[in-house]
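Participant: please find the sequence and the predicted model below.
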Amino acid sequence: MSSPINPITIHILEKEYRIACPDEERDALLSAAGYLGKKMKEIRDSGKVVGADRIAVMAALNITHELLKARNEVDSQSDNLGHRIRSLQNKIDAALHDSRQIDL
């Protein structure tokens with residue numbers, strides 16, 4: 001059974017937003033809103049970008065860049081791990097094959 005969806009109020013750059021959110025996702029939403037607010041404040045405080053819309057777009061681009069970079073790192077680590085597992089499997093197979101040859 002799904003959890004009830006209740007409105008929650010978040011604050012980003014001194015603006016208030018009410019968002020419908022399932023109870024089990026409340027903490028994740030608050031964390032995401034806090035992270036977004038922090039990134040937008042950093043951009044606004046740098047003075048290089050003016051206007052809430054532009055600040056939001058820059059924050060979205062920066063966060064998307066972070067996400068894609070993290071995904072690429074995970075994919076690379078996963079590929080490396082897969083290669084290492086295959087290498088170990090080959091060594092085990094070779095050792096078992098050699099063991100069978102000795103028993104004969």
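Facilitator: Perfect, I can see it now.
Participant: which strands or helices does the helix or strand Lys38 falls within pack on?
Facilitator: Assigned by DSSP states H and E, Lys38 belongs to helix 26-46. Packing partners of helix 26-46 (3 or more CB pairs under 8 Å, 6 or more residues apart in numbering; DSSP states H and E): strand 5-12, strand 15-22, helix 52-103. No exception for glycine: its C-beta is placed from N, CA and C like everyone else's.
Participant: just say which of these is most tucked in.
Facilitator: With neighbours defined as mean count of other CB atoms under 10 Å, the helices and strands packed on helix 26-46 peak in mean count at strand 5-12, which reaches a mean of 13.
Participant: angle of it against strand 15-22?
Facilitator: If you take axes from the mean of the first three to the mean of the last three CA atoms, to 10 degrees, strand 5-12 sits at 150 degrees to strand 15-22.
Participant: mind giving me the packing neighbours of strand 5-12?
Facilitator: strand 15-22, helix 26-46.
Participant: could you redo the last one with a cut-off of 10 Å?
Facilitator: Where contact means 3 or more CB pairs under 10 Å, 6 or more residues apart in numbering; DSSP states H and E, strand 5-12 is packed against strand 15-22, helix 26-46, helix 52-103.
Participant: kindly reformat these as CSV containing mean pLDDT.
Facilitator: Putting the helices and strands packed on strand 5-12 into CSV (pLDDT from 0 to 100) gives the following:
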stretch, mean pLDDT
strand 15-22, 95
helix 26-46, 96
helix 52-103, 90
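Participant: and of those, who's closest to Ile8?
Facilitator: Distance to Ile8, taken as CB to CB, is lowest for strand 15-22 among the helices and strands packed on strand 5-12, at 4.9 Å.
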